[in-house]
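Chemist: Just need the structure, nothing else, for what follows:
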Amino acid sequence: MISKYRIFVLTAMTCGASLTVVLAQNGAQNVASGHRDILLQTTQSWNGKPYTHYSTGQPQLTTIKLTIAPHTALPWHTHPFPNVVYVLSGTLTLHDRDSGKTLVVHEGQAVGESVDDVHRGESGDEPTVLLITYAGTPGVPTSVPARGEKAEY
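Modeler: Reported below is the predicted structural model:
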């Protein structure tokens, strides 16, 4: 035999669930398209080298948030596949080791990073916070240190 307490709890749970469903159904009343701003759409990296292909195998997207202390240069490194950097705050100066090219990227800007070219980023007068998304494959590192250099992160 079911006690009155158990019936009350089941009824309260059922009513609570029904109430939650009703509230969820009444939450979003407007249906509309969102506004988009294309931050980056490119077929080449910042230093002008075209992207020629994606990695083969199982795709793996990786997004990291990287913080660089003020007045700091990262170690020289390469990336084995395309990636995009978005500057959340601060300033990032990119340096291409072989060509000597540089590019300054400011807060709110995005840039396509180079693939297989040795480069590094450098912060300005304040910490630089980056959001980086890599289009890679499982088991392949997102950043590879140049010979004799520390890891980028």
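Chemist: any low-confidence regions in this structure?
Modeler: Using pLDDT under 70 as the threshold, the predicted model of the chain has low-confidence ranges 1-28.
Chemist: now the strands for it?
Modeler: Along the chain, the segments classed as strands by DSSP state E run 60-68, 77-78, 83-89, 91-96, 102-106, 110-112, 119-123, 128-136, 144-145.
Chemist: Let's have these in TSV, adding distance to Trp46.
Modeler: Every C-beta, even on glycine, is put in place using the N, C-alpha and C of the backbone. As requested, these are exported to TSV (distance: least, C-beta to C-beta, whole Å):
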stretch	distance to Trp46
strand 60-68	16
strand 77-78	14
strand 83-89	9
strand 91-96	6
strand 102-106	5
strand 110-112	5
strand 119-123	9
strand 128-136	13
strand 144-145	18
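Chemist: Tell me which of the ones you listed lies nearest to Gln44.
Modeler: Distances from Gln44 to each of those were compared by C-beta to C-beta, and the smallest falls on strand 110-112, at 6.8 Å.
Chemist: Adjacent strands (with direction) for that closest one?
Modeler: strand 83-89 (antiparallel) (DSSP bridges).
Chemist: what's the angle between the partner strand and strand 91-96?
Modeler: Put simply, strand 83-89 runs at 150 degrees to strand 91-96, going by axes from the mean of the first three to the mean of the last three C-alpha atoms, to 10 degrees.
Chemist: Distance from the chain centre to strand 83-89, please.
Modeler: The offset between the C-alpha centroid of strand 83-89 and the centroid of the whole chain comes to 7 Å, using C-alpha atoms, centre = their mean, to the nearest Å.
Chemist: got it, and stretch 78-90?
Modeler: Between the mean C-alpha position of stretch 78-90 and that of its chain there is a distance of 8 Å (C-alpha atoms, centre = their mean).
Chemist: for stretch 99-109, same thing?
Modeler: Its chain's average C-alpha position is 18 Å from that of stretch 99-109, according to C-alpha atoms, centre = their mean.
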